[in-house]
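S.K.: Quick one: sequence and predicted model below, then my questions.
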Amino acid sequence: MTAKTQALVAALSSVLGDKAGPATEALGEVTIVVAARDLEPVMRTLRDRPQLRFESLIDVCGVDYSAYGDGAHAGPRFAVVYHLLSFANNWRLRVRTFADDDAFPVVPTVIDVWPCANWYEREAFDLYGVMFSGHPDLRRILTDYGFIGHPFRKDFPVSGHVEVRYDPEQKRVIYQPVTIEPRENTPRIIREQHYADPD
């Protein structure tokens with residue numbers, strides 16, 4: 001751990017105490033795990049405390065751990081990961097929180113802390129099905145309003161559930177069950193006998 005990341009870990013430990021799990025470092029970035037029930041107050045502390053000053057929320061993404069490490073992950077299935085930046089201290093921080101219920105994943109919104117979380121949380125809802133309690137307008141943002149399921153979940157079929165096509169008889173776009181047979185594409189490789197030969 002570098003002196004910079006050690007300073008961040010020390011500041012996190014002194015300010016958050018037992019509200020966050022032990023900090024880990026990978027690829028030069030520090031990660032903490034926060035329980036969903038403590039997420040909003042911890043995020044507000046990370047933003048407002050002068051020792052930390054994480055003014056900017058860079059990204060929010062959902063994660064499905066159902067097939068992580070070939071079944072090595074034994075905890076909850078769905079997580080939400082927040083990437084924070086402190087301009088004042090030139091620190092980056094990753095905050096991970098897990099939804100308690102795999103069947104209906106819910107974590108609190110952080111829109112009151114960083115308003116830019118609005119569309120990020122809508123994206124995590126749309127693609128992973130994570131609900132954000134307290135979100136003022138939680139609806140799909142990337143898929144169609146009639147879309148069924150959440151396409152970034154590990155159990156979502158690669159070909160989807162329905163297909164969209166134009167029906168010339170009805171003169172409109174229609175939805176119908178997928179008619180494509182599942183197949184595995186193997187690329188055809190052509191090897192030339194003297195490819196890249198210097199002669």
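M.R.: Looks like it came in fine.
S.K.: As a check, name the ranges of all helices in this protein.
M.R.: 3-16, 39-48, 117-128 (DSSP state H).
S.K.: Of those, which stretch is the most buried?
M.R.: Most buried of the helices of the chain, by mean neighbour count (mean count of other CB atoms under 10 Å): helix 117-128, with a mean of 21. All C-beta spots, glycine's among them, are computed from the backbone N, C-alpha and C.
S.K.: In the protein, where is pLDDT below threshold?
M.R.: Counting by pLDDT under 70, the chain contains low-confidence ranges at 180, 182-185, 187, 190-191, 194-199.
S.K.: Asp155 and Gln51, how far apart?
M.R.: 42 Å (CB to CB, to the nearest Å).
S.K.: meant to ask about Lys19, not that
M.R.: As judged by CB to CB, Lys19 and Gln51 stand 14 Å apart.
S.K.: Repeat that for Ser14.
M.R.: 7 Å.
S.K.: Also Leu93?
M.R.: Distance, Leu93 to Gln51, using CB to CB: 13 Å.
S.K.: I figured Val110 hits Leu39, correct?
M.R.: Yes: between Val110 and Leu39 a contact is recorded at 6.9 Å, counting by CB atoms under 8 Å.
S.K.: ok, Arg92 to Arg153 distance?
M.R.: The value you get for Arg92 to Arg153, if CB to CB is used, is 28 Å.
S.K.: Repeat that for Asp100.
M.R.: Asp100 is 17 Å from Arg153, by CB to CB.
S.K.: try Ser14
M.R.: In terms of CB to CB, Ser14 sits 38 Å off from Arg153.
S.K.: Also Trp91?
M.R.: In this structure, Trp91 and Arg153 are 32 Å apart, going by CB to CB.
S.K.: okay, the two: which has more neighbours?
M.R.: With neighbours defined as other CB atoms under 10 Å, Trp91 and Arg153 compare such that Trp91 has more, 20 against 15.
S.K.: got the contact list for the residue nearest to the more buried one when sequence neighbours are not counted?
M.R.: Of all residues not flanking Trp91 in the chain, Leu8 sits nearest, at 5.0 Å (CB to CB, 6 or more residues apart in numbering). Taking CB atoms under 8 Å, 6 or more residues apart in numbering as the criterion, Leu8 is in contact with 23, 30, 89, 91, 93.
S.K.: go again using 7 Å as the cut-off
M.R.: 30, 91, 93 (CB atoms under 7 Å, 6 or more residues apart in numbering).
S.K.: Between these, which sits nearest Gly62?
M.R.: Leu93 (18.3 Å; CB to CB).
S.K.: Which stretches in the chain count as strands?
M.R.: All strands of the chain, identified by DSSP state E, fall at 24-26, 29-33, 56-64, 78-86, 91-98, 106-108, 131-133, 162-167, 172-177.
S.K.: Dump these into CSV; add distance to Met43 as well.
M.R.: Shown next, in CSV, are those (distance: least, CB to CB, whole Å):
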stretch, distance to Met43
strand 24-26, 19
strand 29-33, 11
strand 56-64, 8
strand 78-86, 7
strand 91-98, 7
strand 106-108, 9
strand 131-133, 13
strand 162-167, 37
strand 172-177, 39
